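# heads up, no residue letters with this:
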């Protein structure tokens, strides 16, 4: 189909070709249906179609099945005859097997190239969502980002943010006068949340080298778009991190890409699997941001396709932006299910040949109710469609094949080695070390000065001129304790634990530096 992605056959005998127009593919879409009804295969054939059309794709692979895009289908596959029969039934005459250009990505760097971003690029709003912070704690997070920005302290990884929060906590009295209340209790709660995130492996996500969005939007020399696959099976154990990462990615695309209006085809198509994770218990402000991004990012040439079990998983304001829809079967076992089915049917333009609600309930595996945008962006008439078979391998590839694809990737070696340059953590530690050394020097000067200076410090001589005093000495015992603490701090400051202690004890000494 010219300038369309072939979805399958519709009509009475499934011989009427159904396709997604490329010039309306950036108007977003929805793939929905109960478990086991064929959503993953639909996602796979759409990724194949966009790639063949020269459109880069980024998708999340929740179960590992989509890794098969990197491998050609085979006549030895158990469903080969069924695929051939379906292709003939829907008039897919040029059906054949082939692999597609794939890049594997993985936040945990075990099943693909590492994916990283910096704390500063994530921003306080998304981080607060990720950590499930209260309004007061989110306010403290915003203060920490503001102070770091004004003080020239780059926030790159979790260590930087943890160090910055310690500094904010130790200087809360001064900061509260300018930015509002900074409660040590709120700082402690944020630190605990960061510790949990760190223990879950989230620390690997923050750092450098950060992901270059251009590496997600590559087109091969043969004209096919590269398909980026995010390994999300392990990531699903941290659903908040998964949802926050994908929302961050959308936000970065929105902020980075230029306006293109309505292009002939998208510059990138983004598939958001298990979309309900983004909206579960999400605050209203975050849902509004998603709706805003979905509404505006299409003018940047990016199409966003949500994949979920039930359309009700997506808020109405967002659902209203999804013009292209593939609805697999919904099972109506309860009264609530029946209501959801009826609501889903009401969103389609009716077809006089069948009842939409009945069709959504009755379609079989591999069949769907489809509706795509037509001329001038108007919704097309709903149609029962037999989805075409995939050309790539159906199911996951083995680990050795995955490693071979990763090794041959054009991104091989670019992101594997992390970079830890000087940032807020190191800068604050250096200031603390300098403050500790200054205290030691002052102490030594007070202890080793001449008789006149020692008598002045002991309040037994008045010379009429001010003699420098040690700010670290009070009584001889106190001086010895202060010196010992300073020496210990200097010895320990090169360790991460020591740096945290120094930032806590000496926060007042480098306040305002």
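Received, thanks. All values derive from a computational prediction rather than experimental measurement. Numbering: from 1, shown residues only.
# look at residue 164 and tell me its secondary structure.
Three states are possible here, and by DSSP: H, G, I helix; E, B strand; the rest coil the one that applies to residue 164 is helix.
# next up, the contacts around it.
144, 147, 148, 153, 155, 424, 428 (Cβ atoms under 8 Å, 6 or more residues apart in numbering). C-beta: built from backbone N, CA, C; applies to glycine.
# if I look at the fourth one, how far off is residue 163?
Applying Cβ to Cβ, to the nearest Å, the value for residue 153 to residue 163 is 9 Å.
# mutual contacts of those two, please.
424, 428.
# tell me which of the two has more neighbours.
Counted by other Cβ atoms under 10 Å, residue 153 and residue 163 do not tie: residue 163 has more neighbours, with 26 against 21.
# these two touch, right, that one and residue 428?
Yes - counting by Cβ atoms under 8 Å, a contact exists between residue 163 and residue 428, whose distance comes to 4.9 Å.
# for stretch 245-260, give me every contacting residue.
For stretch 245-260, the external contacting residues (Cβ under 8 Å, 6+ apart) are 58, 60, 107, 115, 117, 121-122, 126, 129, 205, 213, 235, 267-268, 270, 272, 278, 286, 289-290, 293, 296-297, 299-302, 304.
# for the record, mean pLDDT for that stretch?
Stretch 245-260 carries an average pLDDT of 87.
# and for residue 203, the neighbour number?
Based on other Cβ under 10 Å, the number of other residues close to residue 203 is 14.
# again with residue 21
One way to gauge burial is a neighbour count; for residue 21, by other Cβ under 10 Å, it gives 19.
# then residue 252?
The criterion is other Cβ under 10 Å. On that basis, residue 252 has 17 neighbouring residues.
# ok, the contacts of residue 164 vs residue 413, which is closest?
Distance to residue 413, by Cβ to Cβ, is smallest for residue 155 among these, at 26.7 Å.
# doesn't the closest one belong to a helix?
No - looking at residue 155 with three-state DSSP, it is coil, so not inside a helix.
# ramachandran angles for it?
Listed backbone geometry of residue 155 is phi -100, psi 100, with angles given as degrees, to the nearest 10.
# just the pLDDT at it, thanks.
The pLDDT attached to residue 155 in the predicted structure is 95.
# now do residue 160: how many residues are near it, please.
Using other Cβ under 10 Å as the criterion, the residues surrounding residue 160 number 24.
# report the central residue of the chain.
residue 245 (1.0 Å; Cα atoms, centre = their mean).
# residues contacting residue 426?
No contacts exist for residue 426 under Cβ under 8 Å, 6+ apart.
# element containing it, please.
helix 424-448 (DSSP states H and E).
# the residue nearest to the centre of the chain - that's part of a helix, no?
Yes - counting by three-state DSSP, residue 245 is located in a helix.
# gap between it and residue 357?
If you measure residue 245 against residue 357 using Cβ to Cβ, the figure is 36 Å.
# so where is the stretch 151-300 of the chain shaky, pLDDT-wise?
Low-confidence regions of the stretch 151-300 of the chain, defined by pLDDT under 70, span residues 281-283, 285.
# just the stretch 401-513 of the chain next, same as before
By pLDDT under 70, the low-scoring segments of the stretch 401-513 of the chain are 449-513.
# spell out, range by range, the strands that occur in the stretch 1-150 of the chain.
Listed in chain order, the strands found in the stretch 1-150 of the chain under DSSP state E, counting those that start in this stretch are 4-10, 16-21, 29-32, 57-61, 102-106, 113-114.
# any chance of JSON lines for the ones you listed, columns distance to residue 94 and mean pLDDT?
As requested, these are arranged in JSON lines below (distance: least, Cβ to Cβ, whole Å; pLDDT from 0 to 100):
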{"stretch": "strand 4-10", "distance to residue 94": "10", "mean pLDDT": "96"}
{"stretch": "strand 16-21", "distance to residue 94": "12", "mean pLDDT": "95"}
{"stretch": "strand 29-32", "distance to residue 94": "24", "mean pLDDT": "95"}
{"stretch": "strand 57-61", "distance to residue 94": "21", "mean pLDDT": "94"}
{"stretch": "strand 102-106", "distance to residue 94": "22", "mean pLDDT": "96"}
{"stretch": "strand 113-114", "distance to residue 94": "33", "mean pLDDT": "94"}
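# for those strands, which one sits closest to residue 90?
Closest to residue 90 of the strands of the stretch 1-150 of the chain is strand 4-10 (Cβ to Cβ; 3.0 Å).
# sheet partners, orientation included, of that closest one?
The strands that strand 4-10 pairs with in its sheet are strand 16-21 (antiparallel), strand 383-387 (antiparallel) (by DSSP bridges).
# buried deepest among these, which one?
The highest average neighbour count among those, using mean count of other Cβ atoms under 10 Å, belongs to strand 383-387 at a mean of 24.
# helix or strand next in line after it, which one?
Elements were assigned by DSSP H and E; along the chain past strand 383-387, the next helix or strand is helix 399-408.
# now that following helix: buried residues?
Neighbour counts using 16 or more other Cβ atoms under 10 Å place 402, 405, 406 of helix 399-408 among the buried residues.
# and which of these is nearest to residue 11?
The shortest gap between residue 11 and any of the buried residues of helix 399-408 belongs to residue 405, at 38.6 Å (Cβ to Cβ).
# state the number of residues packed around the closest residue in space to that closest one that isn't next to it in sequence.
Using Cβ to Cβ, 6 or more residues apart in numbering and skipping residues adjacent in sequence, the residue nearest residue 405 is residue 70, 4.9 Å away. Burial of residue 70, expressed as a neighbour count using other Cβ under 10 Å, amounts to 23.
# from what I can see residue 70 touches residue 100, true?
Yes - with contact defined as Cβ under 8 Å, residue 70 and residue 100 form a contacting pair (6.8 Å).
# who touches both of these two?
Overlap between the neighbourhoods of residue 70 and residue 100 consists of residue 392, taking contacts as Cβ under 8 Å, 6+ apart.
# how far does stretch 99-107 stretch from start to finish?
The separation between the terminal residues of stretch 99-107, taken as Cα to Cα, to the nearest Å, is 24 Å.
# oh sorry, the question was meant for stretch 123-137
With Cα to Cα as the measure, the ends of stretch 123-137 fall 14 Å from one another.
# against residue 90, how distant is residue 68?
In this structure, residue 68 and residue 90 are separated by 21 Å, where distance is defined by Cβ to Cβ.
# ok, back up a step: ok, and the most crowded of the contacts of residue 164?
Most crowded among the contacts of residue 164, counting by other Cβ under 10 Å, is residue 144 at 29 neighbours.
# quick one, what contacts it?
Applying Cβ under 8 Å, 6+ apart, we find residue 144 in contact with 124, 161, 164, 165, 168.
# out of these, the closest to residue 349 would be?
Where the contacts of residue 144 are concerned, and distances follow Cβ to Cβ, residue 349 has its nearest neighbour in residue 124, at 42.4 Å.
# surely that closest one and residue 147 touch.
No - the pair formed by residue 124 and residue 147 falls short of the contact definition of Cβ under 8 Å, at 11.6 Å.
# now distance to residue 320 too, for the buried residues of helix 399-408, in JSON lines please.
Formatted as JSON lines, the entries for the buried residues of helix 399-408 read as follows, by distance: Cβ to Cβ, whole Å:
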{"residue": "402", "distance to residue 320": "38"}
{"residue": "405", "distance to residue 320": "38"}
{"residue": "406", "distance to residue 320": "39"}
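# between those, which sits nearest residue 17?
Comparing the buried residues of helix 399-408 against residue 17 with Cβ to Cβ picks out residue 405 as the nearest, at 32.1 Å.
# any idea how far that closest one is from residue 229?
Applying Cβ to Cβ, one obtains 10 Å for the distance of residue 405 from residue 229.
# which neighbours do those two share?
Counting by Cβ under 8 Å, 6+ apart, the common neighbours of residue 405 and residue 229 are 70, 102, 104.
# distance to residue 82 added to those, as JSON lines?
Shown next, in JSON lines, are these (distance: Cβ to Cβ, whole Å):
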{"residue": "70", "distance to residue 82": "22"}
{"residue": "102", "distance to residue 82": "25"}
{"residue": "104", "distance to residue 82": "28"}
